[in-house]
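S.K.: 3D model of this:
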Amino acid sequence: MGESRSSFRTVSFSTFNGMVRPKKFLGQHFLKDQNIARKIVDALSLSSSTIVEIGPGTGVLTNFLIQRKDIRLIMVEIDRESVIYLKERYPVLLENIIEGDFLRLELNDILTGDFSIIGNFPYHISSQIFFKILDYPHRVKEVVCMLQKEVAARIAAGHGNKTYGILSVLLQAYYDIRLLFNVPPGVFFPPPKVTSAVVRLVRNNRTDLGCDELLFKKVVKQGFQTRRKTLRNALKIMALPSPLLALPVMDKRAEELTVDEFILLTQQIERARVL
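M.R.: I've put the predicted structure just below:
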């Protein structure tokens, strides 16, 4: 199932009649359940002292995050009205509120060391956010987020599953992924037409893929580009040598390979190019 064009922000009841309201043209759906907000924040283990909150809206998650001691909270918000509200509501965080598009930020310019990410990801850009996170897999130690249920299931899917795809492989190469709980439409204002889910990604123990990471991403993306074809045909555009194309793995489709098998295939391609 494709991603919905809806998105959402967290919000407290008092702001519905205040300066920040859900904007229909943005497809926003505001979380109004404090208990769920607390559960989302509680799911973050604080493996890093720096936390980046994507799309804080009016601070329902922020309210619980600021209760945690010894963390540096960075908030990235694209909605101007929300930024104004957040700066007035959290003056102590004034220097840590960034008005901008997370997808366009160069995180190396604003962050040093490891960090974790939390947020209610807008449905229509959740995949793009994950691809952005994959640019920093050795720095992002944990992600706790809410997104469309189908997308959450997709990134956690195992090989052989029809929803197993590019993001499943790339994220699972670096992270252990766990679906935590579903969130019904009724806890949003206005309620979306889909169910949401909260998922947690924790950096695994793999410090090195043992292959060129850019080549690994290319092999995975190309393999799933025409997922109904065997890898022999799907990877034909990469002009691989005949001995490599004759390997038994090339008779399989991309969805049949585990993450480790994709890594092994990349290593074999890498060696074949050196010889």
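S.K.: Let me see the ranges of the strands in the stretch 51-200 of the chain.
M.R.: Applying DSSP state E, counting those that start in this stretch to the stretch 51-200 of the chain gives strands spanning 72-77, 97-99, 115-120, 140-148, 175-183, 188-189, 196-203.
S.K.: Make CSV from those and add mean pLDDT to it.
M.R.: Listed next are the strands of the stretch 51-200 of the chain as CSV, based on pLDDT from 0 to 100:
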stretch, mean pLDDT
strand 72-77, 95
strand 97-99, 96
strand 115-120, 95
strand 140-148, 96
strand 175-183, 97
strand 188-189, 82
strand 196-203, 97
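S.K.: Just put these in CSV and tack on mean neighbour count and distance to Pro91.
M.R.: (C-beta placed from N, C-alpha, C; glycine too.) Listed next are these as CSV, based on neighbours: other Cβ atoms under 10 Å; distance: least, Cβ to Cβ, whole Å:
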stretch, mean neighbour count, distance to Pro91
strand 72-77, 22, 13
strand 97-99, 17, 10
strand 115-120, 26, 21
strand 140-148, 24, 26
strand 175-183, 16, 31
strand 188-189, 20, 27
strand 196-203, 21, 30
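S.K.: could I get these as CSV with distance to Gly55?
M.R.: Below are these laid out as CSV (distance: least, Cβ to Cβ, whole Å):
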stretch, distance to Gly55
strand 72-77, 6
strand 97-99, 11
strand 115-120, 5
strand 140-148, 10
strand 175-183, 15
strand 188-189, 14
strand 196-203, 14
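S.K.: Show the residue spans covered by the helices in the stretch 151-275 of the chain.
M.R.: Here the stretch 151-275 of the chain has its helices, by DSSP state H, counting those that start in this stretch, at 166-174, 213-225, 231-234, 242-245, 259-274.
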